[in-house]
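**Q** Sequence below, structure please.
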Amino acid sequence: MDKKSKTFVAEINRKIVGAYLLRANQVDLGSHIANASYIVDENVLGAGIGKDLALHSISTAKEIGYRAIQFNFVVSTNIAAVKLWQSVGFEIICTIPKAFKHSSLGYVDSYIMFLEL
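**A** Numbers count the residues shown, from 1 in each chain. Reported below is the predicted structural model:
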């Protein structure tokens, strides 16, 4: 991890069950917009860990001084992720046609999602 990134974990009974990395979406003149990557243990999917991480990352991004968060590539067929991001306020601001080669569906769209803080 580089020094400009911040990493956080979610734990249940002292076991890491999720994490996220928060960083600037672009360097220098675009560094007021955050970007983040998330991971949740498949054994706890549906337990709200992803939403907890999302809300924590939004709060943390505000505290650090970011003005927005942007996700550059959310695969359209990842319905759970799209619904999660929308439930915490993100909007789809762009659709990139056939940007992702899905293993069974072929080429599918991806989204750029954005939340102003």
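
**Q** And the residue lying farthest from the centre of the chain, how close does it get to Val44?
**A** Within the chain, Asn13 marks the point farthest from the mean C-alpha position, 24.4 Å out by C-alpha atoms, centre = their mean. For Asn13, the distance to Val44 equals 11 Å [C-beta to C-beta, to the nearest Å]. The C-beta positions use only the backbone N, C-alpha and C, and glycine is treated the same way.

**Q** for the closest residue to Ile33 other than its chain neighbours, what are its contacts?
**A** Nearest residue to Ile33, sequence neighbours excluded (C-beta to C-beta, 6 or more residues apart in numbering): Asn25, at 4.4 Å. Counting by C-beta atoms under 8 Å, 6 or more residues apart in numbering, Asn25 makes contact with 31, 33-35, 70, 72.

**Q** which one of these has the most neighbours?
**A** Counting neighbours by other C-beta atoms under 10 Å, Ala34 leads the contacts of Asn25 with 25 neighbours.

**Q** moving C-terminal of the helix or strand containing that residue, what's the next helix or strand?
**A** Secondary structure assignment for Ala34, by DSSP states H and E: strand 33-40. Using DSSP H and E, the helix or strand that follows strand 33-40 in sequence is helix 49-64.

**Q** Kind regards, and thank you for your time.
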